[in-house]
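Novice: my questions concern the predicted model and sequence given below.
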Amino acid sequence: MPFGAEVLDGQGVRFQLWAPAARTVDVCLTNGSLEKTIPMTAGMDGWFGITTELAQVGTYYRFSINGETQIPDPASRFQPEDVHGPSEVIDAGSWHWQDAHWQGRPWEEAIIYELHVGSFTPQGNFSGVLEKLDHLVNLGVTAIELMPVADFPGKRDWGYDGTYLFAPDCRYGRPDDLKALIDAAHARNLMVFLDVVYNHFGPEGNYLHQYAPQFFSAKHHTPWGAAINFDDAQSYWVRQFYIHNALYWLTEYHVDGLRLDAVHAIQDDSQPDILTELSQQVQKNFSNGRRIHLVLENDHNAARYLVRDAANRPRFYAAQWNDDIHHSLHVLLSSESGGYYMDYSQNPVHQLGRCLTEGFAYQGDLSVYRDNQSRGETSGHLPPTAFVSFLQNHDQIGNRAFGERIQSLAKPAQIHAAMAILLLAPSPPLLFMGEEWGCRQPFPFFCDFGPDLANLVIAGRREEFARFPEFSNPADRERIPNPMDAQTFRQAVLNWEDCNHPDHVYWLVLYRKLLALRHRDIIPRLYNIVGREKGFSQPDTHALTAYWDLGDNARLSLFANFDDKPFSGCNISPHAVLYATHADKHEHANIEFLPSWSVIWTLSERPEP
C-alpha cells in the first residue's frame, strides 16, 4: 500500500507519508540505543518518502513535521505505547498462514456472533477469544464479528473512537496474535468479520490536522465536526487511505468481511461515492474466487447499495444491519415507546412482517422521530439475505442509559418467541456475546480518554438521554454510569461460569437447537432465493403470518402470536411443523389456535399455481 512503513526484502524499510501541508518531514528512528533522524524526500501531491537500511523490523519511529512536532504514522501497523507513542515497523509477511485452502463461506451460511475483544473474556485479548472458538462452533454460529480493533486511546473503549485504523490495539495483543485468532477460526470453518469506522477519527491522538488538513472538509459537517474529505479538493488520497485500509484487513489479515459502521454519517456527493468505489475495488482485488462479504450499518435504509446483479450476486454490499426489525421486536417485547422507538409503537406487528418479508419497515415512510422526514428506499425486491436480523447487539444494549440486555426487560416466553423467529427466518441472524446463555450482565458504554476529554464525554453521555422522558430531570441523568469509570467496563466483562447455571443452560440448549435446525432445514434452501415469492398478513392486532418460497421450491411459513391471550383461527397441518415454541403435540388434527407468545414454523412443498 502507498501509506506507512513497508519492510523491503533485504533492502531496509520504506517510509511514506502524505503531508500536503508540511514544508519538511523527517523520520525519527529508535532501535535500542540507536536514535537517528533522516530527512524524507518531497515528492508529488504532498508525498514524502525515504528508504533506509537503518530501520528494521521492530524499529520504533515517528515523523517530524517541519522540525517542530513529532507524530506517529497515521498508517501505523502497530502502536506499542498507545496513540501518542511511537509507531513500530512490522513485517507484513512474517506470519506463516495455515489457511492456504480457505476460500470463505457463502453469505447464505452466515450466522454471526458479535463480540468485543476486551470484555468477551477475562483476558480481554485476541488469545482469550481464540480459546472460546470451540464454544462458538458448538453453538452453531458460522462467523465471529469483532467490534473495531483499530488502536484507540486509553485502556478500554468500544472501539468506535479508533485513531490508527491500520493498527490492532496493543491491549488486545500484537498483530500476530490477531492473525493467530483468524487462522484458528478458519481452521474451524468460522468466518471472521471486522467492524471498521470510516466516518470519523477518534477525538484523541489524531494529528492529521497539523500536516494534512485536507483530510477534512468544511463542506460537510458530522456529529464529530468537519467531515472526512471524500468529495472536496485533494480528496483523492483521502479516498485511497480508506480503500487501502479495507484491502489491508482483507489481504494482510485474511479477514472474510467488513462491517462499515454508520455510513449514513459519511458525506460524499461525488460519483461514484466512496461506498461504491470501495466495494468495486474490493471486488476487483478478490475476483479469484475467495468469498468476501461487505456489510453496512446505514440509518438511511439506502436499498441501492444492496442490489443484486444478473447472477444474483451482490453488486456492492451483501447486506445491511436491519435496525427496523430490532426496533419492532423490541417494542413488542418491552412496550417502550421513547426515543426512536416512537416510530414503531403504533403497529409493530405490521412493521415486523414488513421487515421479515420486504427488508425495511421504513421504505420512504415518514419518521416521527426524525421530525416527519422521509426515511428509506423501497426494498421489497431484495432477497431476505440482504438484511441482518438481531434482537441484541452492542448498539441496542449499550446505547441504553444503563446498558440493560433484553433478559432484564422481557419475559422468557417473549424472548423465546422472538429468537425462534430470527434464528429460523431466511435473513442471516446476528447474536451478541453472551446472548446464547441468556446473559443478564449489562453492556454499558465505556471509554478511557485523557483528562482534557473526560468531563466532556461524561457530560455528553448524560445529555444524550435528555430527550427521553425518564431522564428529563438532570438529577436522574446523574444516575447514568460514568463511561470513564473502570467499574463501568468491568461489569461488562462476561462471566463464563454463568454458562453452567441451570437457568443459563436452558437458553444455551435452546439456541443450539434452533441453530441446528437452521443449518439442517433453512440454509440449504437459501441459495436460489432471489426473486422468489414472499409475503405477510396480520390476521389480528397481535398476530402475524408470513411465508417465503425458498430455492428448492419449498415454502417456509411463520405463524406468531404476540399477545398474552391465545389466538384462534389457525389451520396448520401438524405434519408440516418444523418448530413450535410450545410443547403441545398435534399428531393428527390440524392446529387451530396459538397459545400466548408462541410461534410455529412450517416447511412444505410450494403449492401449485
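Specialist: That came through, no problem.
Novice: for the stretch 301-450 of the chain, just list every one of the strands.
Specialist: Using DSSP state E, counting those that start in this stretch, the strands found in the stretch 301-450 of the chain span residues 319-321, 365-367, 373-375, 387-388, 430-432.
Novice: how deep is residue 594 tucked in, by neighbour count?
Specialist: 28 (other Cβ atoms under 10 Å). All C-beta spots, glycine's among them, are computed from the backbone N, C-alpha and C.
Novice: what sits against the closest residue in space to residue 387 that isn't next to it in sequence?
Specialist: Once flanking residues are discounted, residue 387 sits nearest to residue 322: 4.2 Å by Cβ to Cβ, 6 or more residues apart in numbering. Residues near residue 322 by Cβ atoms under 8 Å, 6 or more residues apart in numbering: 355, 359, 360, 387, 388, 389, 390, 427.
Novice: so how far is residue 64 from the fourth one?
Specialist: Relative to residue 64, residue 387 is positioned 49 Å away (criterion: Cβ to Cβ, to the nearest Å).
Novice: which one's more surrounded, those two?
Specialist: residue 387 (25 against 19).
Novice: that one and residue 117, how far apart?
Specialist: 26 Å.
Novice: gap between stretch 175-185 and the chain center?
Specialist: 19 Å (Cα atoms, centre = their mean, to the nearest Å).
Novice: I'd like the mean pLDDT over that stretch, please.
Specialist: Averaging pLDDT along stretch 175-185 gives 98.
Novice: which intervals of the protein have sub-threshold pLDDT?
Specialist: Low-confidence segments of the chain (pLDDT under 70): 584-588, 606-609.
Novice: number of nearby residues for residue 553?
Specialist: 11.
Novice: my error: substitute residue 271 in the last question.
Specialist: By other Cβ under 10 Å, neighbour count at residue 271 equals 8.
Novice: so it is in which element?
Specialist: Using DSSP states H and E, residue 271 falls within no helix or strand.
Novice: who touches it in this structure?
Specialist: Contacts of residue 271 by Cβ under 8 Å, 6+ apart: none found.
Novice: quick one: it from residue 277, how far?
Specialist: Residue 271 is 10 Å from residue 277, by Cβ to Cβ.
Novice: likewise for residue 26?
Specialist: 33 Å.
Novice: equivalent analysis for residue 142, please.
Specialist: Remark: distance between residue 142 and residue 277 (Cβ to Cβ) = 29 Å.
Novice: who's more crowded, those two?
Specialist: The neighbour comparison of residue 142 against residue 277 (other Cβ under 10 Å) goes to residue 142, with 22 against 19.
Novice: my read: residue 605 touches residue 556, true?
Specialist: No: with contact defined as Cβ atoms under 8 Å, residue 605 does not reach residue 556; the gap is 11.3 Å.
Novice: quick one: the helices in the stretch 401-550 of the chain, in order.
Specialist: 412-424, 451-463, 474-477, 486-490, 502-517 (DSSP state H, counting those that start in this stretch).
Novice: these: which one's closest to residue 157?
Specialist: helix 486-490 (9.1 Å; Cβ to Cβ).
Novice: got the buried residues for the closest one?
Specialist: For helix 486-490, the neighbour count (16 or more other Cβ atoms under 10 Å) marks 488, 489 as buried.
Novice: give me the contacts around it.
Specialist: 118, 119, 155, 156, 444, 445, 446, 481, 482.
Novice: where along the stretch 451-600 of the chain do the strands fall?
Specialist: Using DSSP E, counting those that start in this stretch, strands in the stretch 451-600 of the chain cover 534-540, 543-549, 554-561, 567-572, 577-580, 591-594, 598-605.
Novice: for the closest residue to residue 117 other than its chain neighbours, give its distance to residue 159.
Specialist: With sequence-adjacent residues excluded and distances taken as Cβ to Cβ, 6+ apart, residue 117 is closest to residue 172, at 4.9 Å. Distance, residue 172 to residue 159, using Cβ to Cβ: 10 Å.
Novice: neighbour count winner among these two?
Specialist: Between residue 172 and residue 159, residue 159 has the larger neighbour count (other Cβ under 10 Å), namely 25 against 22.
Novice: which SS class is that one?
Specialist: Put simply, residue 159 is coil when judged by DSSP: H, G, I helix; E, B strand; the rest coil.
Novice: before we move on, what about the one 3 residues further on?
Specialist: Of the three states, residue 162 takes coil under three-state DSSP.
Novice: tell me, how many residues neighbour it?
Specialist: Counted with other Cβ under 10 Å, the neighbours of residue 162 add up to 26.
Novice: what's the answer for residue 372, then?
Specialist: The number of residues near residue 372, taken as other Cβ under 10 Å, comes to 9.
Novice: that older thread, by neighbour count, which of the contacts of helix 486-490 wins?
Specialist: Going by other Cβ under 10 Å, residue 446 tops the contacts of helix 486-490 with 27 neighbours.
Novice: what sits closest to that one if chain neighbours are left out?
Specialist: residue 489 (4.2 Å).
Novice: those helices in the stretch 101-250 of the chain, which residues are they?
Specialist: Under the criterion DSSP H, counting those that start in this stretch, the stretch 101-250 of the chain contains helices at 117-120, 126-131, 133-139, 175-187, 208-211, 236-252.
Novice: show me the one of these that comes nearest residue 569.
Specialist: That would be helix 133-139 among the helices of the stretch 101-250 of the chain, by Cβ to Cβ, at 36.4 Å.
Novice: so which bits of the closest one are buried?
Specialist: 133, 136, 139.
Novice: quick check: closest non-adjacent residue to the second one.
Specialist: Read it as residue 136. Computed as Cβ to Cβ, 6+ apart, the closest residue to residue 136 that is not its neighbour in sequence is residue 113, at 5.7 Å.
Novice: quick one: that neighbour from residue 143, how far?
Specialist: 7 Å.
Novice: circling back to that earlier point, winner for burial among the helices of the stretch 101-250 of the chain?
Specialist: helix 117-120 (a mean of 24; mean count of other Cβ atoms under 10 Å).
Novice: for that helix, name the packing helices and strands.
Specialist: Counting contacts by 3 or more Cβ pairs under 8 Å, 6 or more residues apart in numbering; DSSP states H and E, helix 117-120 packs against helix 126-131.
Novice: export only the CA atoms of the helix it packs on, formatted as CSV.
Specialist: Provided in CSV are the C-alpha atoms of helix 126-131 (Å, rounded to 0.1, in the frame of the first residue of the first chain):
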residue,chain,number,x,y,z
PHE,A,126,-7.2,-11.9,21.0
SER,A,127,-5.8,-15.0,22.7
GLY,A,128,-8.8,-15.1,25.0
VAL,A,129,-11.2,-15.0,22.0
LEU,A,130,-9.2,-17.9,20.4
GLU,A,131,-9.8,-20.0,23.5
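Novice: chain center to it, what's the gap?
Specialist: That offset, for helix 126-131, works out to 19 Å (Cα atoms, centre = their mean).
Novice: and the contacts of that helix?
Specialist: Contacts of helix 126-131 (Cβ under 8 Å, 6+ apart): 115, 117, 120-123, 144, 146, 168, 172-173, 177-178, 180-181, 184.
Novice: ok, those residues vs residue 526, which is closest?
Specialist: residue 144 (20.6 Å).
Novice: tell me what that closest one is bridged to.
Specialist: Under DSSP bridges, the beta-bridge partners of residue 144 are residue 113, residue 192.
Novice: my read: it touches residue 190, true?
Specialist: Yes: with contacts counted by Cβ under 8 Å, residue 144 reaches residue 190, the gap being 6.1 Å.
Novice: which neighbours do the two share?
Specialist: 133, 136.
Novice: which one's more surrounded, those two?
Specialist: Shown here are residue 144 and residue 190; by other Cβ under 10 Å, residue 144 has more neighbours (24 against 19).
Novice: what's near enough to touch the more buried one?
Specialist: Applying Cβ under 8 Å, 6+ apart, the residues near residue 144 are 112, 113, 114, 115, 129, 133, 136, 185, 190, 191, 192, 193.
Novice: same list (these) but as JSON lines, adding distance to residue 266.
Specialist: Below are those laid out as JSON lines (distance: Cβ to Cβ, whole Å):
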{"residue": "112", "distance to residue 266": "23"}
{"residue": "113", "distance to residue 266": "26"}
{"residue": "114", "distance to residue 266": "21"}
{"residue": "115", "distance to residue 266": "25"}
{"residue": "129", "distance to residue 266": "29"}
{"residue": "133", "distance to residue 266": "33"}
{"residue": "136", "distance to residue 266": "31"}
{"residue": "185", "distance to residue 266": "29"}
{"residue": "190", "distance to residue 266": "29"}
{"residue": "191", "distance to residue 266": "25"}
{"residue": "192", "distance to residue 266": "24"}
{"residue": "193", "distance to residue 266": "19"}
